[in-house]
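Engineer: please work out how this folds:
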Amino acid sequence: MGEDSTHLNDLRALVARWAMDFSDLDLLDQALTHASAVPELPHPRGNNESLEFLGDAVLGMAVAQWLYEQVPGRTPGEYTRMRARVVNRNALAAVAGRLNIAPAIRLGKGEEAHGGRQRKALLADCMEAIIGAAFLDCGWDATREFIGRTFSEELDVARHSKTEWDFRSRLQNYCQAEGLELPEFVVVREEGPDHEKEFEVAVRLRGEIVGRGAGATKKEAEQHAAHAALEYEGQQLG
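Structural biologist: Residues are numbered from 1 along each chain as shown. Below is the predicted model:
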């Protein structure tokens with residue numbers, strides 16, 4: 001009983017630092033209970049796997065809404081790649097580390113002995129389970145705000161990373177919106193040995209070249225050419 005009381009006090013201290021108003025600490029405790037611990041606990045208790053499943057969906061939705069609101073006008077492909085920068089094992093484990101959840105995780109002796117408390121996959125799973133528990137206990141708005149605060153570093157990286165911008169898709173969307181034929185991409189130069197190729201691609205609109213780009217692959221060169229074409233079209237409209 002004393003051990004459980006101490007554990008609940010530790011959970012109260014955690015949620016106070018997180019500025020979250022958890023009312024059901026047993027649910028949070030379940031989110032931090034690894035399957036390996038269940039057979040060794042004195043009282044029957046569920047593990048965190050179902051909450052992990054729920055939390056994964058909640059996190060994905062919250063990040064998708066944040067990106068839609070904060071980075072408008074991107075293509076579905078761009079949004080998917082930006083979200084992947086936030087919803088992945090490394091990002092979840094990093095957030096778990098900043099929130100210092102590791103000491104509060106219930107682990108079986110075998111998992112503990114093999115360093116489970118430091119494993120990224122385990123920390124990421126527990127972080128998703130916490131989000132699932134927060135959604136059930138605190139509701140959507142509070143959980144979305146919690147995700148916005150705790151994942152702020154990862155969200156900023158996703159928002160400012162130009163590598164996520166799919167310029168080819170954006171150029172195609174632009175052409176469709178303007179009633180133009182889809183752009184034509186043509187390789188105009190290819191040189192270098194196989195392990196060190198460089199490609200140059202030109203893109204045509206209305207029968208004329210409106211952008212060129214170079215890269216180590218055709219896809220990279222096409223993206224640079226599409227970017228140049230979008231800039232050219234923007235100058236013409238301006």
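
Engineer: look up how far Val157 lies from the residue nearest in space to the middle of the chain.
Structural biologist: Closest to where the C-alpha atoms of the chain average out (C-alpha atoms, centre = their mean) is Val86, at 2.0 Å. According to C-beta to C-beta, to the nearest Å, Val86 and Val157 sit 8 Å apart. C-betas here are computed from N, CA, C, even on glycine.

Engineer: give me every residue that touches Arg89.
Structural biologist: Contacts were defined as C-beta atoms under 8 Å, 6 or more residues apart in numbering; by that measure Arg89 touches Lys120, Ala121, Ala124.

Engineer: show me just the buried residues among these.
Structural biologist: Among the contacts of Arg89, those buried by neighbour count (16 or more other C-beta atoms under 10 Å) are Ala124.

Engineer: might one say that Glu184 is in contact with Arg204?
Structural biologist: Yes. The pair Glu184 / Arg204 is scored as a contact, 4.4 Å apart, by C-beta atoms under 8 Å.

Engineer: what's the average pLDDT for the helix or strand Ile130 falls within?
Structural biologist: Here Ile130, judged by DSSP states H and E, is contained in helix 120-138. The average of the pLDDT scores along helix 120-138 is 96.

Engineer: show me what the helix or strand of the chain with the lowest mean pLDDT is packed up against.
Structural biologist: When each helix and strand of the chain is scored by mean pLDDT, DSSP states H and E, helix 2-18 comes last, with a mean of 83. Counting contacts by 3 or more C-beta pairs under 8 Å, 6 or more residues apart in numbering; DSSP states H and E, helix 2-18 is packed against helix 25-31, helix 89-99.

Engineer: could you give me the buried positions within that helix?
Structural biologist: Using 16+ other C-beta under 10 Å as the test for burial, helix 2-18 gives Leu11, Leu14, Val15, Trp18.

Engineer: check stretch 206-219 too.
Structural biologist: Ile209, Val210, Gly211, Arg212, Gly213, Gly215.

Engineer: elements contacting the helix holding Ile130?
Structural biologist: helix 25-31, helix 49-70, helix 89-99, helix 140-150.

Engineer: following the chain onward from the longest one, which element is next?
Structural biologist: Of the helices and strands lying after helix 49-70 in sequence (DSSP H and E), the nearest is helix 76-86.

Engineer: Cys175 reaches Pro183, doesn't it?
Structural biologist: Yes. Assessed by C-beta under 8 Å, Cys175 is found in contact with Pro183 at 6.0 Å.
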